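K.L.:
sequence plus the predicted model coming up.
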Amino acid sequence: MSRADEQTDSAGPPFTGLLPPIEVFQRRGARLLDTKLWRKQCFACMWANKSAVEIEYKFGKVKRYRKEIFCYGPRSCPLYAMGPPRPITLS
């Protein structure tokens, strides 16, 4: 598949189309996305991402995973909202 001429941010949110190479995601950087917003409006957007995040307690000994939702979209997106910070629990 050729992605050379694909303009990923041309249409308004939610952005759909072919995913750009992983380097584009790395360059843009991840921003935490509000969970409720993701469920209602951003689920179909190609820049919204739900992934497992590794949390390390007692470095090198105990690891836990939890799901976090990130946005890699343009900073000018009117739908973006960070939501409340997520605490780390030691349960």
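P.N.:
Yep, that arrived. Owing to the predicted nature of the structure, the values given are computational and were not obtained by experimental measurement.

K.L.:
can you pull the pLDDT of Arg86?
P.N.:
At Arg86, the model reports a pLDDT of 76.

K.L.:
could you say which helix or strand holds it?
P.N.:
Using DSSP states H and E, Arg86 sits in no helix or strand.

K.L.:
so who does the closest residue to it other than its chain neighbours touch?
P.N.:
Once flanking residues are discounted, Arg86 sits nearest to Glu68: 7.1 Å by C-beta to C-beta, 6 or more residues apart in numbering. Heads up, the C-betas are built off the backbone N, CA and C, glycines and all. By C-beta atoms under 8 Å, 6 or more residues apart in numbering, the residues touching Glu68 are Leu32, Lys50, Ser51, Ala52, Val53, Arg86.

K.L.:
measure Glu68 to Thr16 for me?
P.N.:
From Glu68 across to Thr16, the span is 22 Å (C-beta to C-beta, to the nearest Å).

K.L.:
which intervals of this protein have sub-threshold pLDDT?
P.N.:
Low-confidence segments of the chain, defined by pLDDT under 70: 1-11, 89-91.

K.L.:
which parts of it are helices?
P.N.:
For the chain, applying DSSP state H gives helices covering 22-28, 35-37, 58-61.

K.L.:
and the first one, which residues are buried?
P.N.:
Translated: helix 22-28. By neighbour count with 16 or more other C-beta atoms under 10 Å, helix 22-28 contains the buried residues Phe25.
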